[in-house]
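[1] build me a structure from this.
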Amino acid sequence: MTIDDIRDNFAVLDEWDDRYRYVIELGRTLEPMPEAEHSAKNKVQGCVSQVWLSKRTDREDGKPVLRYLGDSDAHIVRGLVAILLTLYSGRTPQEILSTDALAVFDEFGFREHLTPQRSNGLRSMVERIRSDARQTLAEVS
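    Sure thing, here's the model as predicted:
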């Protein structure tokens with residue numbers, strides 16, 4: 001699934017109850033995260049719910065590519081993680097840093113429909129991935 005697929009599906013859902021259900025469904029599509037990955041190192045700070053993001057760096061055509069697994073103990077947050085990973089997982093650090101995930105979430109209307117705590121948690125997840133990208137760039141240069 002691509003971000004354009006998600007965008008198209010959002011466009012046909014007029015009611016926020018339907019959009020929330022769709023986001024929860026997206027969360028169910030996340031690749032399972034091994035229990036060992038539910039560690040303090042992978043836990044995202046700044047989230048009300050428990051959220052974990054584990055990163056693996058691969059090389060494709062000589063360039064680093066960041067791949068993520070994610071999980072949360074909250075259904076709606078798992079869906080937000082699924083959208084984030086659709087945007088960021090499997091991308092180079094440069095692609096990650098040039099993608100404004102918060103603008104995509106705003107486009108979907110989340111700013112008005114997430115609690116301030118969830119919005120802060122979303123920003124924490126985005127910043128964690130962007131920080132990983134900056135760190136990876138620093139390591140390869």
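[2] centroid residue for the chain?
    In the chain, the residue lying closest to the centroid (C-alpha atoms, centre = their mean) is L84, at 2.3 Å.
[3] and that residue, what does it touch?
    By C-beta atoms under 8 Å, 6 or more residues apart in numbering, the residues touching L84 are 70, 101, 122, 125-126, 129. Where C-beta positions appear, they are placed from N, C-alpha and C, glycine not excepted.
[4] tell me which element it is part of?
    helix 75-88 (DSSP states H and E).
[5] let me know the average pLDDT across that helix.
    Mean pLDDT, computed over helix 75-88, is 97.
[6] may I have that helix as PDB, with CA atoms only?
    Extracted C-alpha coordinates of helix 75-88, given in PDB (Å, rounded to 0.1, in the frame of the first residue of the first chain):
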ATOM      1  CA  HIS A  75      -5.400   0.700  18.200                       C
ATOM      2  CA  ILE A  76      -5.700   4.200  16.700                       C
ATOM      3  CA  VAL A  77      -2.000   4.900  17.400                       C
ATOM      4  CA  ARG A  78      -1.100   1.600  15.600                       C
ATOM      5  CA  GLY A  79      -2.900   3.000  12.600                       C
ATOM      6  CA  LEU A  80      -1.000   6.300  12.800                       C
ATOM      7  CA  VAL A  81       2.200   4.200  13.000                       C
ATOM      8  CA  ALA A  82       1.100   2.300   9.900                       C
ATOM      9  CA  ILE A  83       0.600   5.600   8.000                       C
ATOM     10  CA  LEU A  84       4.000   6.800   9.100                       C
ATOM     11  CA  LEU A  85       5.800   3.700   8.100                       C
ATOM     12  CA  THR A  86       4.100   3.800   4.700                       C
ATOM     13  CA  LEU A  87       5.700   7.300   4.300                       C
ATOM     14  CA  TYR A  88       9.100   6.500   5.700                       C
END
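[7] and that helix, how far from the chain's centre?
    Its chain's C-alpha centre and that of helix 75-88 lie 4 Å apart, by C-alpha atoms, centre = their mean, to the nearest Å.
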